[in-house]
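J.: what would the 3D arrangement of this be:
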Amino acid sequence: MVVTGADLIEDGRLDLEAERFPGRLVHVDDPPHPAPVDFQFERRFIDQQLIADHVARLLTVDGAQDITDNDPGVGRRGIGSNGYDKRQTHLLRIVAPALIDAGADQPWPGSLGMVSDSTSTDHRTQDGDVAPAAVSSVDKVLLCSPRGFCAGVEMAIKALAWMVRAFEPPVYCYHEIVHNKLVVDRFRENGVVFVDDIDDVPSGRPIMLSAHGSAPDVVAAARDRGSYVVDAVCPLVTKVHHEVKVRAGKGYQIVYIGHEGHEEAVGTMAVAPDAIHRVESVDDVAALPDFDQPTALLAQTTLSHRDWADVAEAAAARYPDLFTPSRSDLCFATTNRQSALMAVADRCDAFVVIGSANSSNTNALAKLAREAGCERVFRVNGPDELPADLSGTVGLSAGASAPEDVVQAVIDFLAPNEGVEEVRITDEDEYFPPPRNLRELLSAIDVVATLAAGGPVGTQTQLQDRHVDASDVLTGL
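T.: Alright, predicted model coming up:
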């Protein structure tokens, strides 16, 4: 928790006198009206420098919300009454911190600052936007659903966004928070430093551990070194870590299907390094020794079902008494995205998968599209990596760490003459809340801010971010 200096408030000072409405942050789109907290409370709040975050910097508040409300206000784009561009807003509220609705109408490249690392043709206009071809040859886009951010990625991105808002920079993150270049670059722009070695973190700095899961010794080292540590590991990865620990403790040898060098695989294997054996192919299974101990089969959560199935069958044939969990280790979101792709692949002349090159589940989608018979498959970070000669029916999906606004940007670039057909195979309503210690920190900030503003303690609501999209959080940073 950070007590920021008054200079941040002065940089974003509010033009309350010009509005002639005391104690009110006014939204430009709504008629202003007085808030129940007068300006003196707010002024004292600022003068005492008790603001626990950059909460009041560069923001305006939705006219429907009072600053002491229990419900979060909503941030919208435009120039606010304080004269600042609201695209730079951070947390919207002081009393009950809330993630903001940053709006989904931001055009590519938007505030994410999306810059391709591709050497392909750049289709940008002079203003920096990516322009569609003058006459599109694409007839229709078949849009897969579900696609994009999964529950674990949503949780990790929002958790790191809270860290950025709650601490003075830099905030450190062990490994990339998720495997997406645009997401990582956006956090870098906001003072996050990504490291691959905990020893690179200065003593006393806040640390977040990535969604892929970390080795036990890394978690311990982070807690010894960092002033505040938040582990944003996906709960589905935690399940696999727990199973490794339990099986190893019972004397099992573990056959683990995972990609060499992938952060999730590295972290999982470190839970019981003397009892786990990584395999990636049927040949790897054949090369394993005969075990005298009982044997278990576990897997990296982001694998393609096809890749997993062949190796799992080979392991079961090799070890007839093989233990497998009652529920598959494969992430439901990964499986859903692959099933949605297969539902449209045979109708496509080409297929576009949005996501970064180091994303396992994104690469699995692209591989699956090729195996399904699509002759032209493109894995891209954004529309400026697409060729200009796409035609006919184009399938479109996105890996579990790809932002939704990039999907829309690709659709805009393709400009299908017959529009977009969304093919939905299931609804995903899974939600993973922020890590417990982060929720406790935000509650403490809430109480401090309420006391400083002269409000009653005990009336605060719990952090509610279930219906806030991580894509909007990114554009709101």
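
J.: quick check: Pro169 is in a strand.
T.: No: according to DSSP: H, G, I helix; E, B strand; the rest coil, Pro169 belongs to no strand; its state is coil.

J.: how does this structure divide into domains?
T.: For the chain, automatic domain parsing gives the domain ranges 1-120+432-477, 132-149+333-424, 151-234, 236-330.

J.: pick out the shakiest of these, pLDDT-wise.
T.: Ranked by mean pLDDT, the domains of the chain end with domain 1-120+432-477 at the bottom, a mean of 43.

J.: ranges for the strands of this protein?
T.: For the chain, the strands defined by DSSP state E occupy 138-145, 171-174, 192-195, 207-209, 229-231, 253-257, 276-279, 295-299, 350-354, 377-380, 392-398, 420-424.

J.: ok, and what's touching the fourth one?
T.: If you take CB atoms under 8 Å, 6 or more residues apart in numbering as the criterion, strand 207-209 is touched by 159-160, 163, 171-175, 177, 198, 201, 218-219, 222, 225-226, 228-233. All C-beta atoms are positioned from the backbone trio N, CA, C, and that covers glycine.

J.: need the contact list for Ala220.
T.: Taking CB under 8 Å, 6+ apart, one finds nothing in contact with Ala220.

J.: cool, Ala296 as well?
T.: Ala296 touches 243, 247, 252-255, 322-324, counting by CB under 8 Å, 6+ apart.

J.: can you list those residues in CSV and add neighbour count and distance to Leu396?
T.: Shown next, in CSV, are those (neighbours: other CB atoms under 10 Å; distance: CB to CB, whole Å):
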residue, neighbour count, distance to Leu396
Glu243, 19, 35
Arg247, 23, 40
Tyr252, 23, 42
Gln253, 20, 43
Ile254, 23, 38
Val255, 28, 36
Leu322, 16, 38
Phe323, 16, 39
Thr324, 15, 34
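
J.: among those residues, which one lies nearest to Thr475?
T.: Using CB to CB, Glu243 comes nearest to Thr475 of the contacts of Ala296, at 37.1 Å.

J.: residue contacts, the closest one?
T.: Here Glu243 is in contact with 296, 298, 325, 329 (criterion: CB under 8 Å, 6+ apart).

J.: distance check, the residue nearest to the third one when sequence neighbours are not counted against Gly191.
T.: Think Pro325. Nearest residue to Pro325 in three dimensions, chain neighbours excluded: Glu243, at 6.0 Å (CB to CB, 6 or more residues apart in numbering). Distance of Glu243 to Gly191, given as CB to CB, to the nearest Å: 36 Å.

J.: ditto for Ala296
T.: Counting by CB to CB - Ala296 and Gly191 are separated by 42 Å.

J.: what's the answer for Lys181, then?
T.: On the measure of CB to CB, Lys181 and Gly191 end up 18 Å apart.

J.: now do Gly213
T.: For Gly213 relative to Gly191 (CB to CB), the value is 24 Å.

J.: the two: who's more crowded?
T.: When Gly213 and Gly191 are compared for neighbours, Gly213 comes out ahead with 27 against 15, by other CB atoms under 10 Å.

J.: for the more buried one, what are phi and psi?
T.: phi 90, psi 150 (degrees, to the nearest 10).

J.: wouldn't it be in contact with Ala232 here?
T.: No: applying CB atoms under 8 Å, one finds Gly213 not in contact with Ala232, separated by 9.5 Å.

J.: still on that earlier bit, if any of the contacts of Glu243 are buried, put those into a PyMOL selection.
T.: Those of the contacts of Glu243 that count as buried under 16 or more other CB atoms under 10 Å are selected in PyMOL with:
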select buried, resi 296+298+329
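
J.: as a markdown table, the contacts of Glu243 with distance to Ser391 would be great.
T.: Compiled in a markdown table, the contacts of Glu243 are given as follows (distance: CB to CB, whole Å):
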| residue | distance to Ser391 |
| --- | --- |
| Ala296 | 49 |
| Leu298 | 44 |
| Pro325 | 45 |
| Asp329 | 40 |
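
J.: and of the contacts of Glu243, the nearest to Ser397?
T.: Nearest member of those to Ser397, counting by CB to CB, is Asp329, at 22.1 Å.

J.: what sits against the residue lying closest to that closest one once chain neighbours are set aside?
T.: The shortest distance from Asp329 to any non-neighbouring residue, by CB to CB, 6+ apart, is to Ala299 (4.3 Å). Ala299 is in contact with 240, 256-258, 308, 312, 328-330, counting by CB under 8 Å, 6+ apart.

J.: could you flag which of those are buried?
T.: 240, 256-258, 308, 312, 329-330.

J.: so which residues of the stretch 201-350 of the chain form helices?
T.: 216-225, 235-249, 263-269, 282-286, 305-318, 332-344 (DSSP state H, counting those that start in this stretch).

J.: what's the most buried one of these?
T.: helix 263-269 (a mean of 23; mean count of other CB atoms under 10 Å).

J.: run through who's touching that one.
T.: 175-176, 210, 212-215, 218, 237, 240-241, 244, 256, 258-259, 276, 278, 298, 300-302, 360.

J.: rerun that using 7 Å as the cut-off
T.: 175, 210, 212-215, 237, 240-241, 244, 256, 258-259, 276, 278, 300-302 (CB atoms under 7 Å, 6 or more residues apart in numbering).

J.: likewise stretch 359-366?
T.: 179-180, 259, 262, 302-304, 334, 337-338, 341, 353, 355-356, 377, 379, 397, 399-401.

J.: can I get the helices of the stretch 201-350 of the chain in JSON lines including distance to Phe413?
T.: Formatted as JSON lines, those follow (distance: least, CB to CB, whole Å):
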{"stretch": "helix 216-225", "distance to Phe413": "40"}
{"stretch": "helix 235-249", "distance to Phe413": "33"}
{"stretch": "helix 263-269", "distance to Phe413": "31"}
{"stretch": "helix 282-286", "distance to Phe413": "40"}
{"stretch": "helix 305-318", "distance to Phe413": "30"}
{"stretch": "helix 332-344", "distance to Phe413": "19"}
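
J.: out of these, nearest to Ala409?
T.: helix 332-344 (18.9 Å).

J.: what helices or strands is the closest one leaning on?
T.: On a contact count with 3 or more CB pairs under 7 Å, 6 or more residues apart in numbering; DSSP states H and E, helix 332-344 meets strand 138-145, helix 360-371, strand 392-398, strand 420-424.

J.: 6 Å - rerun?
T.: Secondary-structure packing of helix 332-344 (3 or more CB pairs under 6 Å, 6 or more residues apart in numbering; DSSP states H and E): strand 138-145, helix 360-371.

J.: comparing the ones you listed, which comes out most buried?
T.: helix 360-371 (a mean of 23).

J.: got the CA positions of that one in CSV?
T.: Taking C-alpha atoms only, helix 360-371 is exported to CSV below (Å, rounded to 0.1, in the frame of the first residue of the first chain):
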residue,chain,number,x,y,z
SER,A,360,0.9,-22.5,-26.2
ASN,A,361,-2.9,-22.5,-26.6
THR,A,362,-2.7,-20.0,-29.5
ASN,A,363,-0.2,-22.2,-31.3
ALA,A,364,-2.5,-25.2,-30.6
LEU,A,365,-5.4,-23.4,-32.3
ALA,A,366,-3.3,-22.6,-35.4
LYS,A,367,-2.1,-26.2,-35.6
LEU,A,368,-5.6,-27.5,-35.2
ALA,A,369,-6.8,-25.3,-38.1
ARG,A,370,-4.1,-26.7,-40.3
GLU,A,371,-4.9,-30.3,-39.3
